[in-house]
Structures are given as C-alpha cells and as structure tokens.
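1. Coordinates for the following, if possible.
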Amino acid sequence: MSAGAITAPLALLGRATLGLLAATGRRALFAGETIGHLLRPPFYAREFWLACLNIGWLSLPVVGMTALFTGAALALQIFAGSTRFSAEQVVPSITAIGMVRELGPVLGGLMVAARVASSIAAEIGTMKVTEQIDALTTLSTHPMKYLTVPRVLAATLCVPVLVGVGDVIGIMGGWMVGTTRLGFNSATYLKNTWDFLEFWDVGSGLVKGAAFGFIVAIMGCYHGMHSGRGAQGVGGATKSAVVAASVAILAANYLLTEAFFSA
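-> Presented below is the predicted three-dimensional model:
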C-alpha cells in the first residue's frame, strides 16, 4: 500500500477538523461583535419588541404543547421503571427535576430553534438577496445594530421565560397522568414535587434557557447574513441555521450541566 493511500484519510480528517474549527471561530467572532454592538448606542426599541413578540409570545403554544406531553410521558416512564423497585413514590420528584433541569430547557430550546432560527435566517437571508441590507448601509444604519442585536437580546430574555412556563406545564402534565392514570393523590403529588425541588434546580434551567436563546438568535442571524444568492441560498441558510443551533444547544447543555452539577 502506497504512502499516499495511508495519508489520504488522515488528510481528509485534518481538513474536516480545520474546517469545523474555522466555522466555529467565525461564529464566535460574530457573537463577540454582536455583544460589542449591544453595549453601544443606538438601540432600536421597535425591532426589539417585535422580536420579543415573535420569539416569545408566538413560540408559547409549541413550547407549551411540547412540555405538556413530555411531562406526561416522563411520568409514565418513571412509574414503569420505579415499579421494578417498589419506589413509585419518587415519580413526582423525579418528573419535576427531570423537567426543570434538562427536558424543559433542552426541548424548549430545540423547539425555539426549529421555529425562530429558521425564521430569522430566512428573513435576513431574503433581505440580503433583495439588497435591503445594502440599503440599510447606504442609509447609515449598521445592519448588525438594526437586525442582529434586537433579535439576540430578545431571544436571550424571552427563552428563559418560555422555559419557566414550559417547566410548569410539564410538571402539570406529569400531575395529570399521575392523578388520573397512576393512582396518585393530587395533594400528595404536588407536595412531593414542591418539597423535592430546590432553587438551583429551577435556576440552572433558566440560565440554560438564556444561553440557548442566545445561541438560537446568533445562528439565525449569522446564517442569514451569510446566505447565498437566490432561493436556494436562502433555503440553505435556513437549514444550516436550524442544524447549527440544534447541535450547539445540545453541546452547550452538556457543558452547562457539567459546570452546574459535576460536583
């Protein structure tokens, strides 16, 4: 076997690794530039409130429905597992901690990524294709100040609220299944849930929500700003934004969980 045949796979792996690192660096620089603009005027309040409406209020139904059925399914699964050890009483507490620490933030972030990252990327990508971003520059309006900063700030503030609401709805989904299907007393179920949860259980989920909201908006804006020309370019930017946001959310979730609970 020739030396070229041996080194070719290694060269391919090296190129892929370097490409991944370069792409990560470009997104990190974009995020840093966004934060820099966030700290300097002017600030476009109307764009911020419109982004809050789109990211927060209009995402509430899909996040709420996802949390409801997730909490219900989680209670069923925990009950099925705990009956093997005659530990059915842990269902309320484990359902609650599973929702507020992991499933609430992660599934809420993924639902927002599917809905919002794609929307932002398509909107900004279309503006780039139709040269509206160039028009903003001509009018002495910085595109990042007008398009990126309001959306990133709105997502960072709104997604933790969505996560908090989703946590409550998810716990209620578990309560509904526990009291109607699994034979739990309603007051006992709620008391076990309340007594078991600690402040940092809920707080860690809200911090994750803020980080996930930031990631979603950054990915949507980045891929929209770097969209290719034509309908195919906008479609590719939309797909890339959702994929990148979803993978980044899962990676960030592990890193944050390691930081919060490794001890």
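2. contacts, neighbours, all on C-alpha from now
-> Noted.
3. which helix is the longest one in this protein?
-> helix 3-38 (DSSP state H).
4. Would you confirm that Asn192 contacts Thr95?
-> No. Between Asn192 and Thr95 there is no contact under Cα atoms under 8 Å: 10.5 Å.
5. who has more neighbours, those two?
-> Thr95 (27 against 17; other Cα atoms under 10 Å).
6. Where does that one sit, in terms of helix or strand?
-> helix 91-98 (DSSP states H and E).
7. Before we move on, what's the pLDDT of the residue nearest to Gly56 when sequence neighbours are not counted?
-> Distances taken as Cα to Cα, 6 or more residues apart in numbering place Cys158 nearest to Gly56, at 5.2 Å, with adjacent residues excluded. Looking at Cys158, its pLDDT reads 94.
8. Which strand or helix spans Cys158?
-> Using DSSP H and E, Cys158 maps to helix 149-180.
9. who does the helix or strand hosting Ala251 touch, helix- and strand-wise?
-> Element membership of Ala251, judged by DSSP H and E, is helix 230-261. Contacts defined by 3 or more Cα pairs under 8 Å, 6 or more residues apart in numbering; DSSP states H and E place helix 230-261 against helix 104-112, helix 118-129, helix 199-225.
10. Give me the buried positions along stretch 89-99.
-> Neighbour-count burial for stretch 89-99 flags 90-99 (criterion: 16 or more other Cα atoms under 10 Å).
11. One more: stretch 225-236?
-> Buried residues in stretch 225-236 (16+ other Cα under 10 Å): 225, 227-228, 233-236.
12. List the contacts of it.
-> Applying Cα atoms under 8 Å, 6 or more residues apart in numbering, the set of residues contacting stretch 225-236 from outside is 121-122, 124-126, 128-129, 224, 237.
13. Also stretch 150-169?
-> By Cα under 8 Å, 6+ apart, the list of residues contacting stretch 150-169 reads 43-45, 47-49, 51-52, 55-56, 59-60, 63-64, 67-68, 71, 99-100, 104-105, 108-109, 112, 205-214, 216-218.
14. Report pLDDT for the residue nearest to Gly104 when sequence neighbours are not counted.
-> In this structure, Gly104 finds its nearest non-sequential neighbour in Asp167, 5.5 Å apart by Cα to Cα, 6+ apart. As predicted, Asp167 sits at a pLDDT of 93.
15. again, but for Phe79
-> The per-residue pLDDT of Phe79 was computed as 88.
16. Tell me the buried residues in the helix or strand where it lies?
-> In this assignment (DSSP H and E), Phe79 forms part of helix 60-82. Of all the residues in helix 60-82, those buried under the rule 16+ other Cα under 10 Å are 60, 63-64, 66-76, 78-79.
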